[in-house]
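Undergrad: Take this sequence and fold it.
(4 chains)
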Number of protein chains: 4
Amino acid sequence: MTESFSMSLDDSTPFDDHPHEECGIFGAYVPGREAARLAFFALYALQHRGQESAGIATSDGIAAYSHKGMGLVNQVFNEDNLRPLHGHLAIAHNRYSTTGSSHMRNASPYLIESAYGPLGVAHNGNLTNTAALRERLLHRGAGLNSTTDSEVVTLMLAAPPQVWTGVDPDVSSEQLDLWQQRIRAFMQLADGAYSLTILTRDAVYGVRDPHGLRPLCLGEMSDGGHVLASETTALHTIGAAFVREVQPGEIVKLDASGLTSVTGCAPRQRALCSFEYVYFARPDSRLEGQIVHGVRQRLGRQLAIEQPADADIVIGVPDSAVPAAIGYAAQIGLLYTEGLTKNRYIGRTFIQPDQQLRRDTVRLKYTPLVDNLAGKRVVLVDDSIVRGTTSGPLVALIRDGGASEVHVRVSSPPVRHPCFMGVDMATKSQLIAHRFDERRICAEIGADSLGYLSLEGMLDAINEGADQPSGHCAACFSGRYPITIPAWLFDEDRTPQTAYGQGIWAE
Amino acid sequence: MTESFSMSLDDSTPFDDHPHEECGIFGAYVPGREAARLAFFALYALQHRGQESAGIATSDGIAAYSHKGMGLVNQVFNEDNLRPLHGHLAIAHNRYSTTGSSHMRNASPYLIESAYGPLGVAHNGNLTNTAALRERLLHRGAGLNSTTDSEVVTLMLAAPPQVWTGVDPDVSSEQLDLWQQRIRAFMQLADGAYSLTILTRDAVYGVRDPHGLRPLCLGEMSDGGHVLASETTALHTIGAAFVREVQPGEIVKLDASGLTSVTGCAPRQRALCSFEYVYFARPDSRLEGQIVHGVRQRLGRQLAIEQPADADIVIGVPDSAVPAAIGYAAQIGLLYTEGLTKNRYIGRTFIQPDQQLRRDTVRLKYTPLVDNLAGKRVVLVDDSIVRGTTSGPLVALIRDGGASEVHVRVSSPPVRHPCFMGVDMATKSQLIAHRFDERRICAEIGADSLGYLSLEGMLDAINEGADQPSGHCAACFSGRYPITIPAWLFDEDRTPQTAYGQGIWAE
Amino acid sequence: MTESFSMSLDDSTPFDDHPHEECGIFGAYVPGREAARLAFFALYALQHRGQESAGIATSDGIAAYSHKGMGLVNQVFNEDNLRPLHGHLAIAHNRYSTTGSSHMRNASPYLIESAYGPLGVAHNGNLTNTAALRERLLHRGAGLNSTTDSEVVTLMLAAPPQVWTGVDPDVSSEQLDLWQQRIRAFMQLADGAYSLTILTRDAVYGVRDPHGLRPLCLGEMSDGGHVLASETTALHTIGAAFVREVQPGEIVKLDASGLTSVTGCAPRQRALCSFEYVYFARPDSRLEGQIVHGVRQRLGRQLAIEQPADADIVIGVPDSAVPAAIGYAAQIGLLYTEGLTKNRYIGRTFIQPDQQLRRDTVRLKYTPLVDNLAGKRVVLVDDSIVRGTTSGPLVALIRDGGASEVHVRVSSPPVRHPCFMGVDMATKSQLIAHRFDERRICAEIGADSLGYLSLEGMLDAINEGADQPSGHCAACFSGRYPITIPAWLFDEDRTPQTAYGQGIWAE
Amino acid sequence: MTESFSMSLDDSTPFDDHPHEECGIFGAYVPGREAARLAFFALYALQHRGQESAGIATSDGIAAYSHKGMGLVNQVFNEDNLRPLHGHLAIAHNRYSTTGSSHMRNASPYLIESAYGPLGVAHNGNLTNTAALRERLLHRGAGLNSTTDSEVVTLMLAAPPQVWTGVDPDVSSEQLDLWQQRIRAFMQLADGAYSLTILTRDAVYGVRDPHGLRPLCLGEMSDGGHVLASETTALHTIGAAFVREVQPGEIVKLDASGLTSVTGCAPRQRALCSFEYVYFARPDSRLEGQIVHGVRQRLGRQLAIEQPADADIVIGVPDSAVPAAIGYAAQIGLLYTEGLTKNRYIGRTFIQPDQQLRRDTVRLKYTPLVDNLAGKRVVLVDDSIVRGTTSGPLVALIRDGGASEVHVRVSSPPVRHPCFMGVDMATKSQLIAHRFDERRICAEIGADSLGYLSLEGMLDAINEGADQPSGHCAACFSGRYPITIPAWLFDEDRTPQTAYGQGIWAE
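TA: From the prediction side, this is the model:
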């Protein structure tokens, strides 16, 4: 079951059986302060959303500055390269880690000189019609340097809007600035998921796609200025007060006049990614008016209602499943405790275990707490099962630790469908629930019983505390995508991440 | 209270108000396997004991090989520098991170050519008569390259034993090999704490001081050979079965004949460091027959008995105080939950917050879970308070998160005395409990109430599950040191770490 | 006179009083061989033309690959980054070193994805209408990533030619491929100096501006295929036979059909840079049918005829003025010998001399050979004087070495005008011959006499061995520019290198 | 003939057929100045003596400081690591580059804490009884960290002198300080070549072996203080006035009292290495009262007398043979000119030529100047032939360049014997003149004729300008060694560089 060992013990690896968020983004207009410094600490707080590369671009109203690099934010930045990033305007970006295709060329933010001064873009999400947009750009004579959506967005914004829409920008109903017109033109053409922060010489913009697939929130600094971030935890970290979320289809502008908002396009069916609640977002972040940690506790409670177990103790897979395990235990009236210790010094290692160690690589990351487990019937709560590669070894480890029974409970439904909207989920054939039914999965992972939360249960638990009757994207569970996905993207074993620039950027 | 901001947000910094373990050590004699590869994964499991530098030295019975460097073990090693470390014998070392005095020269293990072939030493602990031993070495004409005890031990072992003892080695009662004679001569002269792994061309030795101040355990590989490690978690990680602890005063030898043991010196009053239970050891490690996680839960239970609180919920400071908090909650019958989220992407950052961010640096590391805290009377369990620099900001943060009351409970007694046996505790004047009584500390940190565990309570909870009527060092709580400390070391604001080589190694 | 000390002792620094060549370029279509490996050794041979950065881009007919970085070619490349550059097509580039404005973003070659596959450009020279071309690109909506002409050329080639010319490409008279049409459209618009190597998926192109301002030659591999290089020395290094120079206005194409040539634009007055003969080109390179070393000897002979000196020995400033000194000595019948030793371990140092050492920094690079100089009347031959910053210290050093008289002879005319065609000469106000007449310069540098070669003498010596009645650009000596220079570029203290992207790329 | 291709095109490689100097050393006592900064520029001037590693150790009278690293001096040092090297006392060291055995552990200077404060040693030369001295050290119980003689010297100096001599230091005849006594004890025991600079807390010492095998000179700063350096060119570079050479057997001391001198041991037959004149020393250095460049010109003149040639022009292999070629041409009355261009951007490259390029690797470094060579009968002067690996390709290259005849003349005798006194010459079997007679060598290298300088001719030319009737070591030519060489060192294919620490430092 663990035949293909991954060299990395990092959270962002196949050994960790989770999908990968594409990015975390940030933007700031903060008069009198160095926006780059705030951006650094915001990226630090958003590090869980992307560990491949980090970057910051700033403007002081005259010139623009940028630095980016491969690695964690505290590996990429030091005082020597942060200090030259002058100015009170900034955008910033964390990009997630893939194997092999990661390249400096794809680091963000993407910053260019345009006819109207500097233009930079940080993007979270995935456009679903990138191929068509790239084609249009190339045939206009644009040259593409990377395989990122960020570059596509930037180059579309660099051109006059009528190039894309065929008509002069409609400026009758309201007064739009140059960039708002271009952003609006882009929104007319782009399909898919995008939360954007955009830097120009004098303003920072925040944009969210009409479905609101990826989060983006707005904060206010006590000493003036506003900020944008993928999650509210970044606001907390830098001392900003939470104002509200950017609305689906909205364009907010932060500049010397403060905060202004215009409609970029008409909002459509709300479809915030439900995996943000299940796993991605930091537990202390606030989405739709509720703290994620609380939602995860509710998911655990609902799971206990739907999938009870006759057991002695409840443990969670550290660290992401702990809130659900606490909720499960409280609901069912069992003792919650810790049953597995995880090596905190995560990070990439390039050392290959020898043959004997490979037989049991789960030991390199987890240790069972034998005193807590010995002779116990254990409920092991996990937040999700994607490829199913770690569940088996974990169940075996808990049995090794002395547990008499292991009942696996999952605080989300079976993942059966790939994501095309900004999550690196796996290809269809890699999804264990695409290949097997629950009984077979239970056998594969060697559990005494296995229970998933139902789709309805999950959505109800999410909606219960939300500040509005909110729609959520659950396509990876249900197969019902909020937007039309090009047929070719459904090809087995192909993901948007590897679809473009083939034959050009071959490394 | 947080006037002096530390640049680092790492666990191993003043912002994290914990003492620092000096080191983790490892040794292996594993026929047919590459000992360096096992050593790598063992160091990885012992990373919490030292993050400054890492090193491995090996022997293949003919030649010796070594590599060491500054940083975490997965930063120091890659396949290119690990592969040349041939052989089935290895010792290895993690060294902790200090500010400023860290230097490549002090990285371990220390490996030399001796008259009898290669000789390497990895050391955990602190000798208390290093100054006198260095003096003796220098006046013999030895040259010292570093300020480490490891070098002192190595050079003492390199010389014939009669040089130190003045008499020929006593070999009447039993047959000692060359190195055992030298180790025994060393043990006659050395005072203080030392757990050692020693590499020669053909054997690996494990040694523990007569008090057993620092841990050292012994494991067996299923396919032959033995290993030594500071903690049992390293055994689990590399698939070794736990055999037993090395005894105080014992010398174990791992070589082609298997495992042999001789007495190095007569054991004295047992004095395993109680802080290993309170904070240092990984919760999944086994000490004196009991899993540390279980001891910490008992410390929490005892704390609840001694220092109850009228409250709604119990939370722990993540991650180290969580077991005690679970125990406290279970004992007192309150709901255990999470109240603070900690940024998992710890690691050194060299970026200085600006003036506004400095007011509230605790936010850079922790976020309160407001839904869990709002309107609640909260018991905040911490495992220890050393300088007291983080408790105040944490209490304030929890109040910001909506808590109506914050009752701080500490699962160890007040720390009032420095350690001279291998822990970087702080100088006396920096210890908040040395300066203030508990009422004043409570006021300083802004808590509604403050309660420490009693010394007796702590020792009882530790002893309860131990496999022998064991003595423990609690000098940092009680001031009663198991060994005589040279008077000059008691000087205010001076620690053993900075006492030697002044005027030579000035950087 | 040496008030402003440069930190660098490198050849490419103000302490070395020479103008700087902008670049060396290379291109190869070599079936059956790895073009990148040839490109590496070619860049190695062209290192004198640029030391700031180096880069190679390749194509294997399917995909394109590239690597570039800051530093010398052997610092930028190793087997690990060279090996992935597959394919039998390559272009390559060395860029020269400036102080401050050097930046990874400006490293070449510039490689993009275009509508017709990969497109890469390596450029030697300077366009004089870059500002206008950038403006056109930006207003089409292109985004610019750098301040290089290479990017401007690449993006112009990426767009359909009619975008720039306003008319459909004229394909009546001959059959032009897609890229030849675009190159021709570019040549219609571009002013200034450009030698280009261009990479597409299936072909490599070589282009030279209609004046032939910068050199470009063509070679043939014995085992098939052709190469392009700035200088013939690169052909020799990689074992290619010299074929001919690329003609002004010509477009050559190297592909599976071998070598083909079309006219890109009508050639204008030939104007090969005369400084290539005076200083830039390697002495072993062949230009216009003659070896540069021989031309420099002739310049020295002509200098002896025009500016004889009553002296005992002739020495040259090593290494560039040695051929002229040999020629001077042979013509006038004096002994040629060496009088100065130069530290061969050139390279950037970032160590500042202390106050005393600064008084005499010439010593850090040169030592007088006192036995050769003592009591002698010395002719010191230099190839050129630009800022005049080193001549004074050298004269003083030779006097220190015991010379009784020092007569400075310069094998080129006074440099009085800046270059706008690809040479980083200095701004007008920095040119000593712009500020002072020869008598004053002689006094400033403390020589007993000073003599420059005449403009006519220089041009005659150059033409004497040339294979055609060739025109040369001598604008820096005469002020007669072969092309119209925009008025704003004449501004004091401004050079093309710093003119663009201000307010965007502020670092 | 070029079967074994070396990857490196550096001067310090087999492709460059020269022996390798072991080291350059420096010492300074310069009140009121930062000695490290002077040391840096001195190392820069001595770079030709060693390119593997560089290091500086300093003292400010209180503490000692050091930094060393692999690479050229300007790669090892920057302001950040130089600035902390406080103090007005310094020693410094350049070490030469070998293939494979180079290791950071062997970088110099070696600095330790001794019973009397810091002690550092920089060493140029090779002891011939190192094996015996290491044995004595190890059996005293010293531990050795490296395979360098520097460590051996340091550890011998660290011990009381009676340990080595068996008697109390003789202090009757004159007043020796502690370190002078120890240095004298060392000199009693050590055989072989050593020039040393030694750093203690308060003084810098300079020491030269009784034969004076390796050079060491003394300089005075105009603003006070003295310096020591391997060659006078370093004095010139840092503005020091040449005082005199340190005498064979002498110990000079630089401290607050100025310069003092004592006899370390009785001088023996003078034996300065004649290869310093032939190749090693910089041409601008002064040895025994004469400038090396002048000596090389005389070697060339004598060569012309002994080995005339009927030819048209005289050229030298650049750069080292140029002075001899100038002398040869002047003596015989032929035109001296340049016939080969050498790529100035030397430095290590790790890129392997492909199969075709390997056939003719000499092209990667040299280009013939065809206009100078065409149809000419050429005398090619080289300074020495060691392995004979480059002479053949160079002759072929000159023929390719059009020469009708090539007459090779060598300004030193055939090298037939290895060196054991500090020069990495090659093993006996690798020396072409050990294997073949001159007729055969001439055939092997494809020359029309070959002529070596006679031993007597060489020694006469050297002695002619020397300030004393001086003896020189010419063992590599004559086989007459000035000191007894242990028999085992004569083993074929074994050099002192690889003789020690086998089985310990195996990497």
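Undergrad: quick one: the strand or helix carrying A:Ala42 near chain C?
TA: Using DSSP states H and E, the element containing A:Ala42 is helix A:35-45. No: using C-beta under 8 Å from any C-beta of the partner chain, helix A:35-45 never reaches chain C; the gap is at least 12.5 Å. Yep, even glycine has a C-beta here, placed from its N, CA and C like the rest.
Undergrad: now check that helix, is it near chain B?
TA: Yes: Helix A:35-45 lies within reach of chain B by C-beta under 8 Å from any C-beta, at A:Arg37, A:Leu38, A:Phe40, A:Phe41, A:Tyr44, A:Ala45.
Undergrad: Please export the C-alpha coordinates of that helix as PDB.
TA: Presented in PDB, the C-alpha positions along helix A:35-45 are these (Å, rounded to 0.1, in the frame of the first residue of the first chain):
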ATOM      1  CA  ALA A  35       3.600  47.800   3.200                       C
ATOM      2  CA  ALA A  36       6.200  45.100   2.400                       C
ATOM      3  CA  ARG A  37       6.800  44.500   6.100                       C
ATOM      4  CA  LEU A  38       3.100  43.900   6.700                       C
ATOM      5  CA  ALA A  39       3.000  41.700   3.600                       C
ATOM      6  CA  PHE A  40       5.900  39.600   5.000                       C
ATOM      7  CA  PHE A  41       4.000  38.800   8.200                       C
ATOM      8  CA  ALA A  42       0.800  38.300   6.300                       C
ATOM      9  CA  LEU A  43       2.500  35.700   4.000                       C
ATOM     10  CA  TYR A  44       3.900  34.100   7.200                       C
ATOM     11  CA  ALA A  45       0.400  33.700   8.500                       C
END
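Undergrad: What average pLDDT does that helix get?
TA: Mean pLDDT, helix A:35-45: 96.
Undergrad: Moving C-terminal from that helix, which element do we reach first?
TA: strand A:53-59.
Undergrad: and whatever helix or strand comes next after that following strand, does that touch chain C?
TA: Sequence order places strand A:64-70 as the next helix or strand after strand A:53-59, per DSSP H and E. Yes: for strand A:64-70 and chain C, the contact criterion (C-beta under 8 Å from any C-beta) is met by A:Ala64, A:Tyr65.
Undergrad: Give the next helix or strand downstream of strand A:64-70.
TA: Proceeding N to C from strand A:64-70, the next assigned helix or strand is helix A:73-76, under DSSP H and E.
Undergrad: chain center to that next one: distance?
TA: Mean C-alpha position of helix A:73-76 versus that of the full chain (C-alpha atoms, centre = their mean, to the nearest Å) differs by 19 Å.
Undergrad: Can you pull the residues of the stretch 201-350 of chain A lying near chain B?
TA: Close to chain B, as judged by C-beta under 8 Å from any C-beta, the stretch 201-350 of chain A has residues A:223, A:233, A:236-239, A:282-284, A:290-291, A:293-294, A:297, A:319, A:322-323, A:326, A:330, A:335-338, A:341, A:343-350.
Undergrad: Need the nearest residue in space to the residue in the stretch 301-450 of chain A that chain D sits nearest to, chain neighbours excluded.
TA: Of all residues in the stretch 301-450 of chain A, A:Ile351 sits closest to chain D, at 18.0 Å by C-beta to the nearest C-beta. Spatially, and ignoring its direct neighbours in sequence, A:Ile351 is nearest to B:Phe40 (5.1 Å; C-beta to C-beta, 6 or more residues apart in numbering or on different chains).
Undergrad: Report the contact partners of that neighbour.
TA: For B:Phe40, the contact set (C-beta atoms under 8 Å, 6 or more residues apart in numbering or on different chains) comprises A:Thr349, A:Ile351, B:Ile56, B:Val73, B:Phe77, B:Leu82, B:Ala92.
Undergrad: So the third one versus C:Ile91, what's the distance?
TA: Here B:Ile56 is placed at a distance of 45 Å from C:Ile91 (C-beta to C-beta, to the nearest Å).
Undergrad: just to revisit the earlier point, and the residues of helix A:35-45 next to chain B as TSV, adding distance to B:Leu272?
TA: Shown next, in TSV, are the residues of helix A:35-45 next to chain B (distance: C-beta to C-beta, whole Å):
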residue	distance to B:Leu272
A:Arg37	45
A:Leu38	47
A:Phe40	43
A:Phe41	41
A:Tyr44	38
A:Ala45	39
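Undergrad: among those residues, who's most crowded?
TA: A:Ala45 (31 neighbours; other C-beta atoms under 10 Å in any protein chain shown).
Undergrad: May I have the predicted confidence score for the closest residue to that one other than its chain neighbours?
TA: In space, and not counting its chain neighbours, A:Ala45 is closest to A:Thr237: 3.9 Å by C-beta to C-beta, 6+ apart. Here the pLDDT value assigned to A:Thr237 is 93.
Undergrad: Report how many residues lie close to A:Thr237.
TA: A:Thr237: 26 neighbours (other C-beta under 10 Å).
Undergrad: Quick check, it in contact with A:Phe41.
TA: Yes: A:Thr237 lies in contact with A:Phe41 (C-beta atoms under 8 Å); the separation is 5.5 Å.
Undergrad: Mind listing the shared neighbours of these two?
TA: Going by C-beta under 8 Å, 6+ apart, residues that sit against A:Thr237 and also against A:Phe41 are B:Leu364.
Undergrad: Let's test this: mean pLDDT of the helix ranked longest in chain A, rounded?
TA: Scanning chain A for the helix with the most residues, using DSSP state H, yields helix A:292-306. For helix A:292-306, mean pLDDT rounds to 97.
Undergrad: Then stretch A:479-488?
TA: Stretch A:479-488 shows an average pLDDT of 88 in the prediction.
Undergrad: per-residue confidence for A:Thr349?
TA: A:Thr349 carries a pLDDT value of 65.
Undergrad: same deal with A:Gln497?
TA: You'll see A:Gln497 listed with a pLDDT of 46.
Undergrad: Repeat that for the one 3 residues further on.
TA: We note a pLDDT of 48 for A:Tyr500 in this prediction.
Undergrad: so which strand or helix has the residue lying farthest from the centre of chain A?
TA: Computed with C-alpha atoms, centre = their mean, the residue of chain A farthest from its C-alpha average is A:Gly375, at 38.9 Å. Using DSSP H and E, A:Gly375 sits in no helix or strand.
Undergrad: From A:Ile445, how far off is it?
TA: 22 Å.
Undergrad: for the residues of helix A:35-45 next to chain B, which one is nearest D:Val370?
TA: Set against D:Val370, the nearest of the residues of helix A:35-45 next to chain B by C-beta to C-beta is A:Phe40 (59.4 Å).
Undergrad: circling back to that earlier point, in terms of secondary structure, what does the longest helix of chain A contact?
TA: Under the contact criterion of 3 or more C-beta pairs under 8 Å, 6 or more residues apart in numbering or on different chains; DSSP states H and E, helix A:292-306 touches helix A:322-332, strand A:405-410, helix A:455-464, helix B:370-373.
Undergrad: and the last one with chain A, contact?
TA: Yes: remark: helix B:370-373 sits within contact range of chain A at B:Val370, B:Asp371, B:Asn372, by C-beta under 8 Å from any C-beta.
Undergrad: gap between that helix and the chain center?
TA: With C-alpha atoms, centre = their mean, you get 35 Å for helix B:370-373.
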